[in-house]
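Engineer: coords below, sequence missing:
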Ligand SMILES: Nc1ncnc2c1ncn2[C@@H]1O[C@H](COP(=O)(O)OP(=O)(O)O)[C@@H](O)[C@H]1O
Ligand SMILES: [Mg+2]
């Protein structure tokens, strides 16, 4: 199973790129899941198909999935009630299941858990991850050390604390430890998958404008410092030829950012994707897939 993680700033075309990638790999006969990790889902709009709380088969070899964060947060809270109560108890915070999904870092934890389920199930040849605008890959990489820190703390208190919990309710302290270990194994599995170039690759999507290019540089620098390789860059919304003054000026500006990216990342494959002049959805994705992969600009 291969993971293709699509990252970038909000609105640059991550979901369009992820969907078109899913179309491309499924056209090749590879069983593919396009998995949205952005709480503000848009795959159903782009594929023009209602998506539910389970991966849905939307065409030959292609599945799409937008987990409902609120529902998943409730289920996650129920599943890990012991550990979460203990964790928040340490900080003297009381949390209700319905508020849990809105807490910082929780969506990453939940999506990591879902991704792990999919990863260990090994049902698909490709999983394309349509990520949230914040570089969610970072929390995913840091989760193992966060959970490890927590385990160490709990283990450090084991004698006085776990013992007391076991007395209060038989096995309660031990069950907390077991749950933390499970969570840590999942986080480690996903971190190891993401840093393994044989399994995962990151595609950074950007547009030829100053702020987006700067953010792309930061994103690439940060994830690569964690050992995750960014193999491809998609420069989206590139203007087609036009003689009018306005377009000429904009094209000159775009060209300078494209050249800067090409110079900076000569080791990566860079795809130029035109602005299609209208929202991209449904059948139009075939063209995007062709423009990205059919021309050989980037590969899978
Ligand atoms: N090359 C393009 N040409 C025209 N519209 C595009 C192009 N790429 C993306 N769009 C449109 O821009 C909007 C944002 O794209 P989307 O893929 O949802 O961005 P992100 O997932 O990064 O937030 C959508 O309405 C999409 O249809
Ligand atoms: Mg999106």
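Structural biologist: In hand now; what should we look at? Everything numeric in this text was worked out from a predicted model, so none of it was measured. Ligands and ions are numbered 1, 2, ... in the order given.

Engineer: List, one by one, the residues from this structure near ligand 2.
Structural biologist: Within the chain, the residues that sit near ligand 2 (CB under 5 Å from the ion) are 14-15, 38, 42. For the C-beta atoms, the positions are set from N, CA and C on the backbone; glycine is no exception.

Engineer: in the chain, which residue is closest to the centre?
Structural biologist: Central residue of the chain (CA atoms, centre = their mean): residue 131, 3.4 Å from the mean position.

Engineer: Just the residues contacting stretch 274-284, thanks.
Structural biologist: 13, 16, 45-48, 236-240, 287-288, 291 (CB atoms under 8 Å, 6 or more residues apart in numbering).

Engineer: sorry, back to before: so which of the residues of the chain next to ligand 2 are also by ligand 1?
Structural biologist: Restricting those to those touching ligand 1 (CB under 6 Å from any ligand atom) yields 14-15, 42.

Engineer: number of nearby residues for the closest residue to residue 1 other than its chain neighbours?
Structural biologist: Leaving aside its chain neighbours, residue 1 sits nearest to residue 122 (5.4 Å; criterion: CB to CB, 6 or more residues apart in numbering). Look at residue 122: counted by other CB atoms under 10 Å, it has 8 neighbours.

Engineer: For ligand 2, what's its nearest residue on the chain.
Structural biologist: Nearest residue of the chain to ligand 2 (CB to the ion) works out as residue 15 at 3.4 Å.

Engineer: Now residue 200. Its backbone dihedrals?
Structural biologist: Note on residue 200: its backbone torsions stand at phi -120, psi 150 [degrees, to the nearest 10].

Engineer: excluding its backbone neighbours, what's nearest residue 288?
Structural biologist: Closest to residue 288 by CB to CB, 6+ apart is residue 20, at 3.8 Å.

Engineer: Isn't the one you found up against residue 289?
Structural biologist: Yes. Taking CB atoms under 8 Å as the definition, residue 20 is a contact partner of residue 289 at 4.3 Å.

Engineer: more crowded one of these two?
Structural biologist: residue 20 (28 against 20).

Engineer: related to what we said a few turns ago, pLDDT at the residue nearest to residue 1, what is it?
Structural biologist: Per-residue confidence (pLDDT) for residue 122: 95.

Engineer: what's the answer for residue 250, then?
Structural biologist: Here, the pLDDT recorded for residue 250 equals 95.

Engineer: Averaged pLDDT, the helix or strand containing residue 175. What do you get?
Structural biologist: Counting by DSSP states H and E, the element that carries residue 175 is helix 172-194. Average pLDDT, helix 172-194: 81.

Engineer: Same check on stretch 232-242?
Structural biologist: Mean pLDDT, stretch 232-242: 95.

Engineer: Establish whether that stretch and ligand 1 are in contact.
Structural biologist: Yes. Judged by CB under 6 Å from any ligand atom, stretch 232-242 comes into contact with ligand 1 at 236-237.

Engineer: Show residues contacting that stretch.
Structural biologist: 12-13, 16-17, 201-208, 216, 247-248, 250-251, 254, 257-258, 261, 265, 268-275, 292, 298-299.

Engineer: Filter those down to just the ones in strands.
Structural biologist: 201-206, 269-274 (DSSP state E).

Engineer: In space, what's closest to residue 216 - neighbours in sequence excluded?
Structural biologist: Residue 216 sits nearest to residue 206 (CB to CB, 6+ apart), 4.2 Å away.

Engineer: For that neighbour, which residues count as its bridge partners?
Structural biologist: Counting by DSSP bridges, residue 206 is bridged to residue 235.
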